[in-house]
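Visitor: Below is the structure, and that's it, no one-letter string:
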């Protein structure tokens, strides 16, 4: 009984550390949802090895604690167990959070703002525009704001924003604070909620998304747009491929598809990095089309995934290198370089898209998949 208790407490501490170290702050909904859908190894192959190392650490600390406890008198064991329990509670508190703020007046945000797309009569414009939607991993609007004595972290997107229309602010709903949750909420207008790991229907629901519901991609597909998705990460992670397939996205590209096309997708990290992803997405957008075919191209970046981002070899800042580019072991500096890279490749993709001289109107939508933790 004592061994089980100590192992459980160290497991809580170890799991909390693992999540904070490799994912940043997470929410309870996020944990349950990913337990349902799996795909951890498809997201980043290093995570299995890291999880095994974490488990080995938990087992080692459990054995050390048991040796110490057996040598202590019974009266001295309780304070040690209490300290371990307090450590477990604090570790969870430091790793699991709810970033969603309630409405100031206590009202129901969804009830106030949600409109069922299935109940709306849609009419496409006479000249359908091509649409580019870019979901930038963990993009926070504060990145476009000038900092004391420093330029914005996203200078090129900041310049584009100054010439474009900003539609309010990103409102982080519960169930929308991770990548697929944010993607689903942005496209479908409701937060993504898990059905419960132990639910008898969880296996079935893990392969269906919002059955019978209407999302933006459904509406556009029904109105004649061909919808494509370009992502650097695996489509199997968190059931992303199932969601896209069931909601009007006929052409889907993730890490597996890029490998099949002969690209060198990094075996470490979240998938095809943004410099290559933007190039591949742009190349595919140039494919032949029917004269009357309108297109929606959705791009989901990966470089700025927390907690530290990823260094992208495809981003060359020129002869003068920024000071932080040689400090890849420092998470803050690495993330700064990731932001700079993603800023450049996304801005370049947007400029290429709107600069096409094909006579078609263009609509561009750039937003974060969710707020930065």
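Guide: Perfect, I can see it now. Remember, it's a predicted structure, so these values are computed and weren't measured experimentally.
Visitor: When you work out contacts or count neighbours from here on, use the C-alpha atoms and nothing else.
Guide: Will do.
Visitor: buried stuff in stretch 221-236?
Guide: Within stretch 221-236, the residues scored as buried using 16 or more other C-alpha atoms under 10 Å are 221, 225-236.
Visitor: what residues does it touch?
Guide: For stretch 221-236, contacts defined as C-alpha atoms under 8 Å, 6 or more residues apart in numbering pick out 39, 42-43, 122-124, 217, 220, 241-242, 248-256, 270-274, 277, 281, 293-302.
Visitor: next one: it to chain centre, how far?
Guide: Stretch 221-236 sits 16 Å away from the centroid of its parent chain (C-alpha atoms, centre = their mean, to the nearest Å).
Visitor: just to revisit the earlier point, now list the buried members of the contacts of stretch 221-236.
Guide: Buried by 16+ other C-alpha under 10 Å: 39, 42-43, 217, 220, 241-242, 248-249, 252-256, 270-274, 277, 281, 294-302, out of these.
Visitor: Mark which of these are part of strands, please.
Guide: Of the buried ones among the contacts of stretch 221-236, the ones assigned to strands by DSSP state E are 249, 252, 253, 294, 295, 296, 297, 298, 299, 300.
Visitor: roughly how far is the longest helix along the chain from the heart of the chain?
Guide: Taking DSSP state H as the criterion, the chain has its longest helix at helix 46-71. In terms of C-alpha atoms, centre = their mean, the gap separating the centre of helix 46-71 from the centre of its chain is 30 Å.
Visitor: Only the buried residues of that helix, if you could.
Guide: Residues of helix 46-71 classed as buried: 47, 54, 55, 58, 59, 61, 62, 65, 66, 69 (neighbour count, 16+ other C-alpha under 10 Å).
Visitor: of those, closest to residue 177?
Guide: Within the buried residues of helix 46-71, proximity to residue 177 (C-alpha to C-alpha) peaks at residue 47, which comes in at 20.7 Å.
Visitor: The closest one and residue 353: what is the separation?
Guide: Distance of residue 47 to residue 353, computed by C-alpha to C-alpha, to the nearest Å: 36 Å.
Visitor: Likewise for residue 141?
Guide: Distance from residue 141 to residue 353, counting by C-alpha to C-alpha: 22 Å.
Visitor: quick one, which of these two is more surrounded?
Guide: Remark: of residue 141 and residue 353, residue 353 carries more neighbours, 18 against 15, as counted by other C-alpha atoms under 10 Å.
Visitor: Which strand or helix spans the more buried one?
Guide: Element membership for residue 353, per DSSP states H and E: helix 331-354.
Visitor: Return the angle between stretch directions for the following helix or strand past that helix and helix 331-354.
Guide: Once the chain leaves helix 331-354, the next helix or strand it forms, by DSSP H and E, is strand 362-368. Strand 362-368 runs at 170 degrees relative to helix 331-354, counting by axes from the mean of the first three to the mean of the last three C-alpha atoms, to 10 degrees.
Visitor: buried ones in strand 362-368?
Guide: Under 16+ other C-alpha under 10 Å, the buried positions of strand 362-368 are 364, 366, 367, 368.
Visitor: Identify the bridge partners of the third one.
Guide: Right, the one you point to is residue 367. Assessed by DSSP bridges, residue 367 has beta-bridge partners residue 135.
Visitor: all strands in the stretch 51-200 of the chain, in order from the N-terminus.
Guide: Along the stretch 51-200 of the chain, counting by DSSP state E, counting those that start in this stretch, strands occupy 130-136.
Visitor: where does it dip in pLDDT?
Guide: 94-106, 145-149, 167-175, 193-200 (pLDDT under 70).
Visitor: What's the separation between the most centrally placed residue in the chain and residue 8?
Guide: The residue lying closest to the centre of the chain (C-alpha atoms, centre = their mean) is residue 179, at 2.6 Å. To residue 8, residue 179 is 29 Å away according to C-alpha to C-alpha.
Visitor: Validate this expectation: residue 212 resides in a strand.
Guide: No. Applying DSSP: H, G, I helix; E, B strand; the rest coil, one finds residue 212 to be coil, outside a strand.
Visitor: That one: neighbouring residues, count only.
Guide: Neighbourhood size, residue 212 [other C-alpha under 10 Å]: 9.
Visitor: And for residue 182?
Guide: 27.
Visitor: Understood, closing this out.
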